[in-house]
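Q: I'll drop the sequence and a predicted model, then ask my questions.
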Amino acid sequence: MSRADLVVVANRLPVDRVVSEGGESWRRSPGGLVTALEPVMRKPDRAWVGWAGQPDLDIAPFDFEGARLVPVALSASEIEQYYEGFANGTIWPLYHDVIAAPLYKRRWWEVYVQVNRRFAQAAADVVEQGGVVWVQDYQLQLVPKMLRELRPDITIGYFHHIPFPAYGLYSQLPWRRQVLEGLLGADVIGFQRQADAGNFQRSVRRVLRYTTRSSEVVVPSAEGEPRVAIAKAYPISIDADAFIRLAQDPDVQARATEIREQLGSPKTILLGVDRLDYTKGIRHRLKAFGELLEDGRLSVGDATLVQVASPSRQRVDAYAELRDEIELTVGRINGDYDTMHHTAIRYLHQGFPREEMVALYLAADVMLVTALRDGMNLVAKEYVASRIDNSGVLLLSEFAGAADELTSALLVNPHDIDGMKDLIMRAVEMSPGEQSRRMRALRRRVLDHDVEDWSQDFLTDIEKVRRVRRGA
Ligand code: GDG
């Protein structure tokens, strides 16, 4: 098998398997990570190691759009324990400030270790001598250390897409030491916000007693000289030009006009777009909107909330429960306030093509991003990029990573329902002049720092390490 100079390792491959009468084929999957790494993967000598998305598929590596794809097979019970269990039932809630209670199950941990080892081995087998492996996200926190043991010649990066919690919470994790050691196998450990990098470093000092100075962690080594790992913020972004092009497309613009008409031409369209996840603050948002209708500060002729809640992790209990709660709330609010012509909330538990998403962004006068905790939140950046005429208002949670950059948004504490209600009213009533002033500043930030800058910043730091290593 030919080897690659840069290998991306992620839970999922960037493709979905399609089985039809003509046999098996692969289609590029719509996820954000695929878009984020597109400029990186376009170059020669690239490989991507990941799960193909279905249980018990044992497939040989194959080429897709110029890159080598290396599938990692997972059994149904491994998916249950490593992915739905440890990754999404333990780490996800713990790292999002225990919004839902994390479950600590020893069996899940064992399977997480076993599966991480399989990913590490697959990456070790495909990376060329002195090459680079870039590991993605919380499903694979042990891979950096495992890889370093297998391939001491390579340079290893890790990017953490979700928050890293404060030590007081992180310290609950029964395997807190092993996870930190796993991550510190990387030469460069990237986080979304400076605060995440700070939380990580504090945990490293408290649990492992290692020294840190600014963005460096000194990692002792049994063989001699300590190694320096870099732990700092590389805020992820979007392909802003792709959103601008779609927003300029006359068909997409016509669709935006049509959406408004189909909703009964309300004065204001408010929009929420999230995976159906308890971290996104959908319930808080519905509560605030429902109370504004109840108080008479809004009426259904004036305002409609469109809530896209794309299906997510439906086999994890907390997600099934959340869906029930949200659907009960939407049903109640609509039951109380809908008329024959207008609806309070247009709720869509569906996924849509990118074109439809941008049409929604164009139709929405107010975008509601009210996450209780979120690594970054790309939806906020997508909305801003799509507002090519500088109109529209972004209401953005302080607890989303994007709040560090998008400071001209209306920043909201989603736990404060009264405060959120006042801010929604402020957004609904904002003058065109203020909208435009704020939106220009927001757009400048997103356009100046797109996803290609993100990957370049990260890989430039990786290259620096590699050069030092080669020099040595
Ligand atoms: C994780 C972190 C971090 C959603 N529904 C549809 C659809 N989407 C797209 C959005 C956006 C992406 O999915 C969601 O990204 P977010 O950043 O908002 O949130 P997570 O999925 O939780 O992502 C997050 C991110 O990783 C990157 O590091 O920002 O904090 O939690 O691009 O547009 N896209 C389409 N149809 C849908 O129905 N086409």
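A: Alright, I've got the coordinates.
Q: Ile424 is in contact with Leu270, correct?
A: Yes: assessed by C-beta atoms under 8 Å, Leu270 is found in contact with Ile424 at 7.3 Å. Placement of C-beta: from N, CA and C, glycine included.
Q: higher neighbour count, these two?
A: Comparing Leu270 with Ile424 by other C-beta atoms under 10 Å, the one with more neighbours is Ile424, at 28 against 25.
Q: hang on, the more buried one in a strand?
A: No: counting by DSSP: H, G, I helix; E, B strand; the rest coil, one finds Ile424 to be helix, located in no strand.
Q: who touches Ile230 in this structure?
A: Ile230 makes contact with 187-189, 215-217, 461, 465, according to C-beta atoms under 8 Å, 6 or more residues apart in numbering.
Q: Give the residue spans of this structure that score low on pLDDT.
A: Where the chain drops to pLDDT under 70, the residues are 1, 472.
Q: Show me which residues of it sit near the ligand.
A: Counting by C-beta under 6 Å from any ligand atom, the residues of the chain close to the ligand are 30, 32, 161-162, 236, 273, 275, 308, 310, 351-354, 357, 374-379, 382.
Q: chain center to stretch 170-177: distance?
A: 23 Å (C-alpha atoms, centre = their mean, to the nearest Å).
Q: So for that stretch, what gets flagged as buried?
A: Of all the residues in stretch 170-177, those buried under the rule 16 or more other C-beta atoms under 10 Å are 170, 173, 175-176.
Q: Please work out which residues outside it touch it.
A: Residues contacting stretch 170-177 (C-beta under 8 Å, 6+ apart): 90, 94, 98, 102, 104, 106, 109, 164, 179, 199, 203, 206-208.
Q: Could you do stretch 73-88 as well?
A: Residues contacting stretch 73-88 (C-beta under 8 Å, 6+ apart): 11, 51, 55-59, 103, 105, 107-109, 111-112, 114-115, 138-139, 313, 315-316.
Q: picking up where we left off before, give the PyMOL command for selecting the buried subset of the residues of the chain next to the ligand.
A: With 16+ other C-beta under 10 Å as the burial test, the buried ones among the residues of the chain next to the ligand are selected in PyMOL as follows:
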select buried, resi 32+161+162+236+273+275+308+357+374+375+376+377+378+379+382
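Q: Next step: the residues of the chain next to the ligand restricted to strands.
A: 273, 275, 308, 310 (DSSP state E).
Q: so what's Phe64 up against?
A: 14-15, 26, 28.
Q: in the sheet, who's paired with it?
A: Ala67 (DSSP bridges).
Q: which residue sits closest to Asp277, ignoring its sequence neighbours?
A: Nearest residue to Asp277, sequence neighbours excluded (C-beta to C-beta, 6 or more residues apart in numbering): Ser312, at 5.7 Å.
Q: What are the neighbouring residues in contact with that neighbour?
A: 275-277, 319.
Q: Export these as JSON lines, with columns for distance to Trp454.
A: Output for the contacts of Ser312, formatted as JSON lines (distance: C-beta to C-beta, whole Å):
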{"residue": "Arg275", "distance to Trp454": "21"}
{"residue": "Leu276", "distance to Trp454": "26"}
{"residue": "Asp277", "distance to Trp454": "22"}
{"residue": "Tyr319", "distance to Trp454": "28"}
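Q: Show the buried residues in the contacts of stretch 170-177.
A: 90, 94, 102, 109, 164, 179, 199, 203, 207-208.
Q: In JSON lines: those, plus secondary structure and distance to Arg148.
A: What follows is the buried ones among the contacts of stretch 170-177, written out as JSON lines (DSSP: H, G, I helix; E, B strand; the rest coil; distance: C-beta to C-beta, whole Å):
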{"residue": "Thr90", "secondary structure": "helix", "distance to Arg148": "24"}
{"residue": "Leu94", "secondary structure": "helix", "distance to Arg148": "25"}
{"residue": "Pro102", "secondary structure": "coil", "distance to Arg148": "27"}
{"residue": "Trp109", "secondary structure": "helix", "distance to Arg148": "21"}
{"residue": "Phe164", "secondary structure": "coil", "distance to Arg148": "20"}
{"residue": "Val179", "secondary structure": "helix", "distance to Arg148": "15"}
{"residue": "Asn199", "secondary structure": "helix", "distance to Arg148": "23"}
{"residue": "Ser203", "secondary structure": "helix", "distance to Arg148": "20"}
{"residue": "Val207", "secondary structure": "helix", "distance to Arg148": "19"}
{"residue": "Leu208", "secondary structure": "helix", "distance to Arg148": "16"}
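Q: Out of those, flag the one nearest to the ligand.
A: Phe164 (12.1 Å; C-beta to the nearest ligand atom).
Q: nearest spatial neighbour of the closest one, skipping sequence neighbours?
A: Distances taken as C-beta to C-beta, 6+ apart put Asp196 closest to Phe164, at 4.1 Å, once the chain neighbours are dropped.
Q: In terms of helices and strands, where is the one you found?
A: helix 194-203 (DSSP states H and E).
Q: List the buried residues of that helix.
A: 196-203.
Q: Tell me which other helices or strands it touches.
A: Under the contact criterion of 3 or more C-beta pairs under 8 Å, 6 or more residues apart in numbering; DSSP states H and E, helix 194-203 touches helix 167-170, helix 176-183, strand 188-191, strand 224-233.
Q: try 6 Å
A: Applying 3 or more C-beta pairs under 6 Å, 6 or more residues apart in numbering; DSSP states H and E, one finds that helix 194-203 makes contact with helix 167-170, strand 224-233.
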